[in-house]
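In: Coordinates for the following, if possible.
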Amino acid sequence: MTTDGKLPAPGTGLILTHFLTVRDVAVSRRFYAEILGGEVLLEENPAIVKVANSWIIMNPGGGPTPDKPGVTLEPPGAGDTVSSFLNVRVADIAAFYADATAKGARFLTEPLDRKAELRCYLRDPDGYLIEVGQATGMLTGIFADPPAGTTR
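Out: Okay, here's the model as predicted:
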């Protein structure tokens, strides 16, 4: 739990947040507030949006700083190669999909049945990939097929 219940500042132990390097803080902040139903806690420097039981922290990119020498932050480049993505779990994917689409979210596909879950993906304004899923079969021991070339 945080010290005030809102900002990501633990009273003890730790909490996990997700930092996104963004091109336009206002556009990204609005996306996470409107599409994912987040609560804007700080507008900028950094922007912090509380989404469910997590926090998305957003700031523009930049060059090295004394505490991260040699590291440059920048939003994703063009293309479809990703190394990580947000994973959002919902209780009713059909309702989430309809609501988010009505608000302007652009999904890669509609929700698809993957045996273990229903899932689909969308991108945020900077191109970050977001998986949206609803557990179905996994709740009764039915899991997705293994990736091609592997066995269970």
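
In: how is the chain carved up into domains?
Out: 1-61, 83-144 (automatic domain parsing).

In: weakest of those by average pLDDT?
Out: Lowest mean pLDDT of the domains of the chain: domain 1-61, a mean of 92.

In: starting at the chain centroid, how far to it?
Out: 11 Å (CA atoms, centre = their mean, to the nearest Å).

In: Adjust the sequence numbering to begin at 34 for everything that follows.
Out: Okay, using 34 as the starting number, the last item reads as domain 34-94.

In: where along the protein do the strands fall?
Out: Per DSSP state E, the chain carries strands over the ranges 51-54, 72-75, 80-84, 87-92, 119-122, 145-146, 150-156, 162-168.

In: Can you redo those strands as JSON lines, where the extra columns are mean neighbour count and distance to G110?
Out: Where you see a C-beta, it was placed from the backbone N, CA and C, and this is true even at glycine. Output for these, formatted as JSON lines (neighbours: other CB atoms under 10 Å; distance: least, CB to CB, whole Å):
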{"stretch": "strand 51-54", "mean neighbour count": "16", "distance to G110": "11"}
{"stretch": "strand 72-75", "mean neighbour count": "14", "distance to G110": "27"}
{"stretch": "strand 80-84", "mean neighbour count": "22", "distance to G110": "22"}
{"stretch": "strand 87-92", "mean neighbour count": "20", "distance to G110": "18"}
{"stretch": "strand 119-122", "mean neighbour count": "15", "distance to G110": "18"}
{"stretch": "strand 145-146", "mean neighbour count": "11", "distance to G110": "27"}
{"stretch": "strand 150-156", "mean neighbour count": "20", "distance to G110": "13"}
{"stretch": "strand 162-168", "mean neighbour count": "19", "distance to G110": "13"}
